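Visitor: got a predicted structure plus its sequence, pasted below:
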Amino acid sequence: MKRFLKPTAAALTACFALTSPAQAQDVDGVVQLDVLDGGRTANGTYLGALRLTLKDGWKTYWRAPGDAGIPPQFDWRGSRNVGDVAITWPAPEVFVQNGLQSIGYANQLVLPVEITPKDSTKPVRLRGDMDLGVCKDVCIPERLDFDHTLNADADRNPAIAAALAQRPYSAKEARVTAASCQLTPTSDGMQIEARVKMPSAGGREVAVIEPGNPALWASQPETTRQGDTLVATSEVISASGGPFALDRSEIRITVLGANHAVDIRGCSAG
């Protein structure tokens with residue numbers, strides 16, 4: 001089984017230099033953040049997006065960045081009239097560099113956000129910052145701020161619509177008929193063997209397992225296929241190094257294939 005490598009250590013290994021977070025909207029032309037408007041939905045929420053435009057050849061990371069990535073983090077605390085923020089992640093790409101695998105986006109990321117206002121009669125102001133990693137030959141942790149009052153009367157935005165269309169399929173859409181997780185204690189934590197009965201997602205399939213608890217880290221799974229069943233094996237450890245329990249209903253399995261991605265929420269006992 002592949003041994004677990006903490007994300008921070010992996011990122012430092014994969015990247016040849018690491019600088020201090022930058023406090024600017026556009027840092028040396030590497031990455032720029034814009035807020036896009038998508039207007040109000042039929043159920044009264046606001047649709048918007050954070051658009052990251054990267055310099056050619058640079059990439060940034062998905063919420064589960066793999067062996068050699070920096071997971072993005074968001075701070076919405078400066079916002080006004082925001083009750084809830086729901087993020088839709090477009091299906092990411094898989095990158096391999098220096099023998100390490102990372103998961104993310106090259107050149108541009110449009111990240112749709114749906115905002116539920118606290119008061120539907122008042123405007124919504126998105127204000128905060130996003131911490132992220134951008135990498136090419138070196139990795140740079142960035143902090144980009146944003147401050148934008150959403151336009152309730154904005155027309156449908158093609159860039160947001162395209163990003164929403166790139167989301168992974170649900171388990172039902174991908175014809176997943178079963179998903180089970182067998183848990184086995186290890187010297188460091190817990191091994192998960194996930195077995196997902198589903199048609200192929202195309203080409204080389206890469207599975208990602210998220211434990212559902214931010215205090216837990218999961219190694220990049222070894223992924224194989226046995227007929228109509230995808231098998232993914234990963235090790236989970238706690239940031240504190242102490243014992244922990246895994247809730248199977250919180251485990252999230254994403255399968256990335258050449259044709260599409262699949263998002264599977266929860267798994268039964270193996």
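Guide: Noted; the coordinates are in hand. Just so we're clear, the structure is a prediction, and the values are computed from it rather than from any experiment. Residues are numbered from 1 along each chain as shown.

Visitor: where along the stretch 151-270 of the chain do the strands fall?
Guide: 169-170, 178-185, 190-197, 206-210, 216-218, 222-226, 229-238, 252-256, 261-265, 268-269 (DSSP state E, counting those that start in this stretch).

Visitor: reformat these as CSV; add distance to Thr41, mean neighbour count and mean pLDDT.
Guide: Yep, even glycine has a C-beta here, placed from its N, CA and C like the rest. Below are the strands of the stretch 151-270 of the chain laid out as CSV (distance: least, C-beta to C-beta, whole Å; neighbours: other C-beta atoms under 10 Å; pLDDT from 0 to 100):
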stretch, distance to Thr41, mean neighbour count, mean pLDDT
strand 169-170, 19, 16, 98
strand 178-185, 30, 15, 97
strand 190-197, 32, 20, 98
strand 206-210, 27, 22, 97
strand 216-218, 33, 20, 93
strand 222-226, 36, 13, 97
strand 229-238, 34, 21, 97
strand 252-256, 25, 23, 98
strand 261-265, 21, 21, 98
strand 268-269, 34, 10, 96
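
Visitor: okay, which residue is most central for this structure?
Guide: Note on the chain: the residue nearest the mean C-alpha position is Arg63, at 2.3 Å, using C-alpha atoms, centre = their mean.

Visitor: make sure that one is actually in contact with Pro90.
Guide: No: using C-beta atoms under 8 Å, Arg63 makes no contact with Pro90, being 11.2 Å away.

Visitor: where are the low-confidence patches of the stretch 1-150 of the chain?
Guide: 1-28 (pLDDT under 70).

Visitor: and the residue nearest to the centre of the chain, that one's in a strand?
Guide: Yes: the assignment for Arg63 is a strand, going by DSSP: H, G, I helix; E, B strand; the rest coil.
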